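Novice: Need a 3D model of the following:
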Amino acid sequence: MKKIIPLLKSKVFLMLLLLLCLSYSVWWQIPNLAIRGDGFVYLIERVRNGYWRIPEVFGHVELGSLLLTRTITPIFKTNISLYWTAELVVIFAINVLTFTAVYIISRKLVVAFAAALIQAVSFFGNWDMYAGGIYAYFTDRVPNMLFMIPGLLFLHLYLDKKKRKYFILSAIFYFLGVFIWHWSLFFTGFFFCYPIFWLLFTKITRKNLIKYIPVSIYYLAVSVFVTYLQNVTQAGLNPRWTFRYFLMHPEVFHYWAMTIRQLVYVSEYAPIFKGFAEPFRYINTPLHYIISPQNAIEITSKVVLGYIIASIVIFIKLPKFRALLFTLIVAILSNFFMNVYVGQYHVATQSGSNRYLYIPAFYLSIFWALFLWAFCWMKKSWLNLVGVLLLGVYFGLNYWLIYQNFQWIMERHIPTNAVWAKAVEVGEKSPTGTLIIIPYFETGPYEAEFLNDQIGKGRVTFISDDTVDLIKAIPHSNNIINIEYDKFCRCVVEEGVKSKSDLLKSIKL
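Specialist: Below is the predicted model:
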């Protein structure tokens, strides 16, 4: 107890506690979300069993999602709040890992707090991933951060301390992160470049070449190996064009402009103020402005200039972190470049938050924390307060954006949760042979299939009221219950169906 009390009073603990409190104040509504539509995709037994063919499954992009959902689904069953609560716990763990990594790298508590807070509350990098309603985004691309951040930290410690044990730990974390969650391939640029830039900004000797170059090659080799496995088992995931054709035709793909456009999207705070300046022109005006690609185009030159100036400040003021600075720059731009090449993210038309901005937003949190350190917190002066105010404004803007989006999506999620609770209740108490019809607008076919996996089990059958299978199922059911959401009373209505013929006549598919 004597050792615990001083720890609880330490600045590190208090900063971590403040960080988690601020993060919770932004994301506290996550456990109240519903899972909708194809957000159930990896939670459904048919889908998991379809992918789970050993050894081919180890080359699938979905491997991490399949392993995770095979673990949590038997535990959480139909309690959707538990699935989202698990996500919130992972988010907090990422916050702590980011704080820890940056604290050890920078040895500055305020820099670690700034980086972790910037990462934790980023609307543009996190909203689509954390709270967009598609749980598959989380299972696909978020838990891998629990491997990649420690891998990044131990790589830095190896470069700094020259102890082999740190490289071994980094290599293990990196392999597990990339092999299990293939979306971690987007970290390749950072892990490959960091030892090279470290070498360039230290003394280049034969000993250093032997020490650092093989490290870079290891990370690249792991990524190439996993990419090969992925191509063997999922040939259809590659874009229709070759990389050579992509590079040779910038007039077709506009990859330079689209790369910069993503940098603007993830930094698009100016249009928010533009919206506040015209509060009566649109409903939720700032939200309107940030989903307009045209507004992003208009501020591109200013955003690029801002990043150039910030990079110069970091380069001059923090000479010990030049390798990290250049690694971050290359990693961010290479991520954006690969997003254009893969072609799944339609950059020209998709402004605002996007799951493809998640990893770049993590990099940028470290970048901007370094800038605040270099510009505001190097020495005690009035600039210290400026840095705190900038961080406060950033938090406030992201808090407002996330709050507004929660308000908007809850209009759909609250009815869905009400219908879901009623469907679970009815399904658990209904006799064998019961057909339970759930409404498409609030739920749907994926929801029905998941309920059949968890509750139905051949005893009762859930079915969405928009599917043609409903017509086939009605004549063979002993008992039919129709669940609907009444928008006028904002309540769920459960009705027993007496006439199968009348029900069949009323169905419009």
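Novice: any weak-confidence spans in the stretch 101-250 of the chain?
Specialist: The stretch 101-250 of the chain contains residues with pLDDT under 70 at 133, 235-237.
Novice: Tell me which stretches of it form helices.
Specialist: With helices called from DSSP state H, counting those that start in this stretch, the stretch 101-250 of the chain shows them at 109-120, 123-130, 135-141, 145-161, 164-180, 188-200, 206-233, 243-248, 250-253.
Novice: how big is the angle separating the first one from helix 123-130?
Specialist: What that stands for is helix 109-120. For helix 109-120 against helix 123-130, the angle by axes from the mean of the first three to the mean of the last three C-alpha atoms, to 10 degrees is 60 degrees.
Novice: Alpha carbons of helix 109-120, as PDB, please.
Specialist: Provided in PDB are the C-alpha atoms of helix 109-120 (Å, rounded to 0.1, in the frame of the first residue of the first chain):
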ATOM      1  CA  LEU A 109       5.000  14.000 -20.000                       C
ATOM      2  CA  VAL A 110       3.200  16.900 -21.700                       C
ATOM      3  CA  VAL A 111       4.200  15.700 -25.200                       C
ATOM      4  CA  ALA A 112       3.000  12.200 -24.400                       C
ATOM      5  CA  PHE A 113      -0.300  13.600 -23.100                       C
ATOM      6  CA  ALA A 114      -0.700  15.800 -26.200                       C
ATOM      7  CA  ALA A 115      -0.100  12.900 -28.600                       C
ATOM      8  CA  ALA A 116      -2.400  10.600 -26.800                       C
ATOM      9  CA  LEU A 117      -5.200  13.200 -26.600                       C
ATOM     10  CA  ILE A 118      -4.900  14.200 -30.200                       C
ATOM     11  CA  GLN A 119      -5.100  10.500 -31.200                       C
ATOM     12  CA  ALA A 120      -7.900   9.700 -28.800                       C
END
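Novice: what about the closest residue to Asp469 other than its chain neighbours, how many neighbours?
Specialist: In this structure, Asp469 finds its nearest non-sequential neighbour in Ile463, 6.2 Å apart by C-beta to C-beta, 6 or more residues apart in numbering. Every C-beta, even on glycine, is put in place using the N, C-alpha and C of the backbone. Residues near Ile463, counting by other C-beta atoms under 10 Å, number 22.
Novice: just Ile168 next, same as before
Specialist: By the criterion of other C-beta under 10 Å, Ile168 has 12 neighbours.
Novice: what separates it from Leu146, distance-wise?
Specialist: Computed as C-beta to C-beta, to the nearest Å, the Ile168 to Leu146 distance reads 18 Å.
Novice: Show me where the stretch 401-509 of the chain has its strands.
Specialist: 434-438, 460-464, 479-486, 491-496 (DSSP state E, counting those that start in this stretch).
Novice: now the residue nearest to Asp469: how far from Trp84?
Specialist: Ile463 is 25 Å from Trp84, where distance means C-beta to C-beta.
Novice: And for Lys457?
Specialist: In this view, Lys457 and Trp84 are 24 Å apart by C-beta to C-beta.
Novice: for Phe187, same thing?
Specialist: Look at Phe187 and Trp84: by C-beta to C-beta, they are 26 Å apart.
Novice: Kindly report the same for Lys429.
Specialist: On the measure of C-beta to C-beta, Lys429 and Trp84 end up 25 Å apart.
Novice: same deal with Leu169?
Specialist: Distance of Leu169 to Trp84, computed by C-beta to C-beta: 31 Å.
Novice: With neighbour numbers in mind, choose between those two.
Specialist: Using other C-beta under 10 Å, the more surrounded residue of Leu169 and Trp84 is Trp84, with 23 against 18.
Novice: pretty sure that one is touching Leu33, no?
Specialist: Yes: using C-beta atoms under 8 Å, Trp84 makes contact with Leu33 at a distance of 5.2 Å.
Novice: what do those two both touch?
Specialist: Common neighbours of Trp84 and Leu33 (criterion: C-beta atoms under 8 Å, 6 or more residues apart in numbering): none identified.
Novice: so who does the residue lying closest to Phe243 once chain neighbours are set aside touch?
Specialist: In this structure, Phe243 finds its nearest non-sequential neighbour in Tyr341, 6.7 Å apart by C-beta to C-beta, 6+ apart. For Tyr341, the contacting residues are 239, 243, 246, 253, 255, by C-beta under 8 Å, 6+ apart.
Novice: Pretty sure Tyr341 sits in a helix.
Specialist: Yes: residue state for Tyr341 (DSSP: H, G, I helix; E, B strand; the rest coil) corresponds to a helix.
Novice: How is this protein divided into domains?
Specialist: By the assignment in automatic domain parsing, the chain contains the domains 252-378, 413-506.
Novice: And these, which one averages the lowest pLDDT?
Specialist: Lowest mean pLDDT of the domains of the chain: domain 413-506, a mean of 84.
Novice: just how off-centre is that one within its chain?
Specialist: How far domain 413-506 lies from its chain's middle: 32 Å, per C-alpha atoms, centre = their mean, to the nearest Å.
Novice: With stretch 290-303 instead?
Specialist: Its chain's average C-alpha position is 23 Å from that of stretch 290-303, according to C-alpha atoms, centre = their mean.
Novice: swap in stretch 294-308?
Specialist: How far stretch 294-308 lies from its chain's middle: 24 Å, per C-alpha atoms, centre = their mean.
Novice: what sits up against that stretch?
Specialist: For stretch 294-308, the surrounding residues in contact (C-beta under 8 Å, 6+ apart) are 260-261, 263-265, 267-268, 270-271, 274, 289, 351.
Novice: List just the nearest of those to Val388.
Specialist: Checking these against Val388 with C-beta to C-beta, the nearest one is Ser267 at 20.2 Å.
Novice: do you know how far the residue nearest to the closest one when sequence neighbours are not counted is from Gly37?
Specialist: Nearest residue to Ser267, sequence neighbours excluded (C-beta to C-beta, 6+ apart): Val303, at 5.4 Å. Counting by C-beta to C-beta, the separation of Val303 from Gly37 is 34 Å.
Novice: Now do the contacts for Thr85.
Specialist: The neighbours of Thr85, taking C-beta under 8 Å, 6+ apart as the test, are 30-31.
Novice: Counting neighbours, which bits of stretch 398-405 end up buried?
Specialist: Residues 398, 401-402, 405 are the ones in stretch 398-405 that count as buried (16 or more other C-beta atoms under 10 Å).
Novice: Format these as CSV; extra columns: pLDDT and distance to Leu157.
Specialist: Below are the buried residues of stretch 398-405 laid out as CSV (pLDDT from 0 to 100; distance: C-beta to C-beta, whole Å):
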residue, pLDDT, distance to Leu157
Asn398, 94, 31
Leu401, 90, 35
Ile402, 92, 34
Asn405, 89, 38
